[in-house]
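Q: Pasted the sequence and its predicted model underneath.
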Amino acid sequence: MKGKNNNSPWSLQFNTAALVLIPAAVGINYIGKLFAGVLKLPLWLDSIGTCLAACLAGPVVGAIAGAMNNLIYGLTMDPISTVYAFTQAAIGIVVGLMAYYGAMKNVKGALLTGILGGFAAVLISTPLNMIFWGGTTGNLWGDLAYAAVLSQNASTWIASTVDEIIVDVPDKIVVLLLVMGLYKNLPKSLLSLYQSNSKIESLD
């Protein structure tokens, strides 16, 4: 995506396109989460919009979009989801910074971004899981790993961390590869709405 430039990635000056992007990202997140839930996938797929917003408009917009996603979901569906707004915000920041410094221009960079985003989610979500869910994530595949680790007499913290890693890291890798594919196919006229003050580099 765009490489390093003279504009700060922490800019709080949002144009209309960036503001419109936030609710759109929330909608994409919701659709991804619904899709994964219906198919009972071993992934969340609830941060596609967050990551796309972060890549297009920077870490601040990505963080806002991610946090709004969980706040809205928490107010309408599951109150505990609200606390995971911190996790989504962290993902938006990590992905936005990686994109700002050009890491999302190829598959290798997308993989690295996915790994870092996944571990950011693990770092924040694991303590929340311990507080609210006894260490589990609510994802079938991750919780099977949680039970397997506990059966080896490991601590609940270790089991919870493994649970999160098994779900979040692969999830973010898949999400970032999807986002990279989406971004590479967006017309430059659309990209310019978010990067009007920056040089848009070729992704070819």
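A: Structure's in. What do you need?

Q: Stretch 76-83: which residues count as buried?
A: Neighbour counts over stretch 76-83 (16 or more other C-beta atoms under 10 Å) mark S81, V83 as buried. C-beta here means a position set from N, CA and C on the backbone, and glycine is covered the same way.

Q: make that stretch 142-157, sorry
A: So for stretch 142-157, counting by 16+ other C-beta under 10 Å, buried means G142, D143, A145, Y146, V149, L150.

Q: contact partners of that stretch?
A: With contact meaning C-beta atoms under 8 Å, 6 or more residues apart in numbering, stretch 142-157 is reached by 42, 126, 130, 134-137, 158-160, 162-164, 166-167.

Q: Select from those every entry located in helices.
A: In this view, the contacts of stretch 142-157 that belong to helices under DSSP state H are T126, M130, I158, A159, S160, V162, D163, E164, I166, V167.

Q: For S155, give its distance to V167.
A: To V167, S155 is 19 Å away according to C-beta to C-beta, to the nearest Å.

Q: Over to G32?
A: According to C-beta to C-beta, G32 and V167 sit 14 Å apart.

Q: Same check on P127?
A: P127 is 16 Å from V167, by C-beta to C-beta.

Q: Tell me which of those two has more neighbours.
A: A count of neighbours by other C-beta atoms under 10 Å puts V167 above the other of P127 and V167, at 26 against 14.

Q: Around the residue lying closest to Y100 once chain neighbours are set aside, count how many other residues there are.
A: Once flanking residues are discounted, Y100 sits nearest to P9: 4.3 Å by C-beta to C-beta, 6 or more residues apart in numbering. Close neighbours of P9, defined as other C-beta under 10 Å, add up to 17.

Q: What backbone torsions are found at P9?
A: P9 adopts backbone torsions of phi -70, psi -10, taken as degrees, to the nearest 10.

Q: do the one 5 residues further on as well
A: Dihedral pair for F14: phi -100, psi 130, per degrees, to the nearest 10.

Q: Run through this protein and note the low-pLDDT ranges.
A: Along the chain, the model assigns pLDDT under 70 to residues 1-7, 195-204.

Q: Which parts of it are helices?
A: Secondary structure of the chain (DSSP H): helices at 16-39, 48-57, 59-76, 85-100, 107-133, 140-150, 156-184, 188-194.
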